[in-house]
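> my questions concern the predicted model and sequence given below.
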Amino acid sequence: MKKIKAVSFDMGWTLAYPVDSIWTIYARLCGEAAAPTAAQECERSIRALFAAGHEQALARLRRGERFDDSDAEFTAMFLQISQVIFGQSGLAERAGELSQQFLRRFWNENNWRVFPEVSDVIRTLRAQGVRVGVLSNAPSDLPSFLDRLEILPLLDFAVVSACEGAKKPDRRIFERTLDLAGVEAGEHLHVGDMYLEDILGPGALGIRSLLIERGEKAMFPSFRESDGRDLSSAQVVADLREVLAHVG
């Protein structure tokens, strides 16, 4: 194996997490609209939606199809999620309005915290001569978002799907990452929390990858992303400090 010369990290649930989770915010909005529901029920509904779309997305990846992205696509994804959750709660007619409320509460730096080991891990990697960056499916304001979280100054590069017009697992966004990192596929390691986007996507180009599972601070805390996947135990980590051993 070639020596790792660059590492890219996903942002959400890898470098940082929302204090109020997606599911907590949705449940709270339902309650405020006089249609109380549990956060876990919201989570189960959307996990089922993701699972239903997994095979279709996997087939698209194998065919080499494009996964385009933009700020509008980001908003539309959460509108689709909102339509499911609010529809089940009898709030279908208010889904658009409530989805905007959701985004204002969820996607702002005041609701996000950086995992405690992030700064030390990035500094350690860079001290070893490894280039470090973010590769994330996110809207175009992510760089300023990262700056306010004090992550951006630690990085050598940032690749944001809405800015690139392509999102993981599309090979184009990984090729862009390799270009910015200045390394070959075999010299790069990617770390993220989603199997399709962060394991299969980079794997199609020969990029090594690790799946991080953050437990109760994961996107889907009631479900392990590694369950039922073709992964070795060495390919799954719970803390970014474990990444250092894979690079060394």
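Arrived safely. Computed from a predicted structure; not experimentally measured.

> and for R126, the neighbour number?
15 (other Cβ atoms under 10 Å). C-betas here are computed from N, CA, C, even on glycine.

> so where does it fall, helix or strand?
Using DSSP states H and E, R126 maps to helix 118-127.

> can you list contacts of stretch 148-165?
6, 8, 15-16, 68-71, 73-74, 109, 112, 114, 118-119, 122-123, 126, 131-140, 142-143, 146-147, 167-168, 172-173, 176-177, 180-181 (Cβ atoms under 8 Å, 6 or more residues apart in numbering).

> repeat that for stretch 51-70.
137, 161-162, 164-172, 196, 200-201, 204.

> one more time with 6 Å, if that's ok
S161, A162, A166, K167, P169, D170, L196 (Cβ atoms under 6 Å, 6 or more residues apart in numbering).

> and that stretch, how far out from the chain middle?
Taking Cα atoms, centre = their mean, to the nearest Å, one finds stretch 51-70 lying 16 Å from the centre of the chain it belongs to.

> quote the end-to-end distance of that stretch.
23 Å (Cα to Cα, to the nearest Å).

> give the buried residues for that stretch.
When burial is assessed from 16 or more other Cβ atoms under 10 Å, stretch 51-70 yields the following buried residues: A57, L61, F67, D69, S70.

> any quick PyMOL command for the buried ones out of the contacts of stretch 148-165?
The PyMOL selection below is limited to those of the contacts of stretch 148-165 classed as buried (16+ other Cβ under 10 Å):
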select buried, resi 6+8+15+16+69+70+73+74+112+118+122+131+132+133+134+135+136+137+138+139+140+142+143+146+167+168+172+173+176+177+180+181
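
> widest-spaced pair of the buried residues of stretch 51-70?
L61 and S70 (19.5 Å; Cβ to Cβ).

> turn the buried residues of stretch 51-70 into CSV, including pLDDT, distance to I22 and secondary structure.
Output for the buried residues of stretch 51-70, formatted as CSV (pLDDT from 0 to 100; distance: Cβ to Cβ, whole Å; DSSP: H, G, I helix; E, B strand; the rest coil):
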residue, pLDDT, distance to I22, secondary structure
A57, 95, 19, helix
L61, 95, 24, helix
F67, 97, 21, coil
D69, 98, 19, coil
S70, 98, 21, coil
